[in-house]
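Trainee: I'd like to go over a predicted model; first the sequence, then the structure.
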Amino acid sequence: MNYRSRRRYGEAEGLLARALKIWERALGPEHPRVATALDNLGTTHRLQGKLTDAEAELRQAARIWERLGHPSQAVSLGHVAALLVDQRRLEEAETVATRAREIAERGLGAAHPATAASLQTLAVVYREQRRFDEAELLFRRCVAALETSYGAEHMAGGDGAGRLGADAPARRPAQRGRAAARAGERDPRARARLNPPG
């Protein structure tokens, strides 16, 4: 059972905090399992609105991954960037998201799902900064990476195309139609979401 996916954050928090303590004691504070537990706990705290705790845990996870020389640092940094977007700290979010993208591309390659996630995070930052053309370019690269990684018919690619189409309402009116049409051309599911019946 995944408590977090069922929005049972209090239960998830308790179990994740317990696992973190066990792994720190058994494996030491620099172990990959500790970094994973910190990232999961930080993500749960973000969902609960405990943003100070979340930021500290996510940054600590990223530092552990960095010391280990592991590309999972990009995932934790992406989570930090998303939290910074929540707080409207957009300039800092851009710096962190850019770093996450660079680490993912260098360590995992352009078509890896974690690289796609880092592209999406940076695209969201750009969208929130109203840099719509740059955001669209990164959303498209995200979709291409997911399609390369999973195949064009896999739902991950469709979800990415849906995200690209969902971005259309935030754009200037003249651009909405073009972005929506391009997303719909890529994936009929995105077209259906953009043009619901009725």
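Mentor: Received it, and whenever you're ready, just let me know what you need. Quick caveat, the model's predicted, so the values are computed rather than measured.

Trainee: care to break the protein down by domain?
Mentor: 1-70, 94-198 (automatic domain parsing).

Trainee: weakest of these by average pLDDT?
Mentor: Per-segment mean pLDDT for the domains of the chain reaches its minimum on domain 94-198, at a mean of 74.

Trainee: hey, where'd the strands end up in the chain?
Mentor: Ranges of strands within the chain: none, based on DSSP state E.

Trainee: if we can go back for a sec, what's the most buried one of the domains of the chain?
Mentor: Highest mean neighbour count of the domains of the chain: domain 94-198, a mean of 19 (counted as mean count of other Cβ atoms under 10 Å). C-beta: built from backbone N, CA, C; applies to glycine.

Trainee: distance of the closest residue to V96 other than its chain neighbours relative to Q48?
Mentor: With sequence-adjacent residues excluded and distances taken as Cβ to Cβ, 6 or more residues apart in numbering, V96 is closest to A81, at 4.3 Å. According to Cβ to Cβ, to the nearest Å, A81 stands 19 Å off from Q48.

Trainee: next: D133.
Mentor: Going from D133 to Q48 by Cβ to Cβ gives 35 Å.

Trainee: got phi/psi on P29?
Mentor: Dihedral angles of P29 (phi, psi; degrees, to the nearest 10) stand at phi -70, psi -10.

Trainee: next up, the contacts around the closest residue to it other than its chain neighbours.
Mentor: Closest residue to P29 apart from its sequence neighbours, by Cβ to Cβ, 6+ apart: I64 at 7.7 Å. Contact analysis of I64 by Cβ atoms under 8 Å, 6 or more residues apart in numbering lists P29, E30, H31, P32, V34, A35, L38.

Trainee: in a markdown table, list those along with distance to E11.
Mentor: Converted to a markdown table, the contacts of I64 look like this (distance: Cβ to Cβ, whole Å):
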| residue | distance to E11 |
| --- | --- |
| P29 | 25 |
| E30 | 28 |
| H31 | 24 |
| P32 | 24 |
| V34 | 21 |
| A35 | 22 |
| L38 | 18 |
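
Trainee: can you tell me which of those is closest to L16?
Mentor: L38 (9.0 Å; Cβ to Cβ).

Trainee: distance of that closest one relative to E105?
Mentor: Per Cβ to Cβ, L38 is found 24 Å from E105.

Trainee: ditto for V124
Mentor: Separation of V124 from E105 (Cβ to Cβ) stands at 17 Å.

Trainee: likewise for L138?
Mentor: Computed as Cβ to Cβ, the L138 to E105 distance reads 12 Å.

Trainee: for R131, same thing?
Mentor: According to Cβ to Cβ, R131 and E105 sit 20 Å apart.
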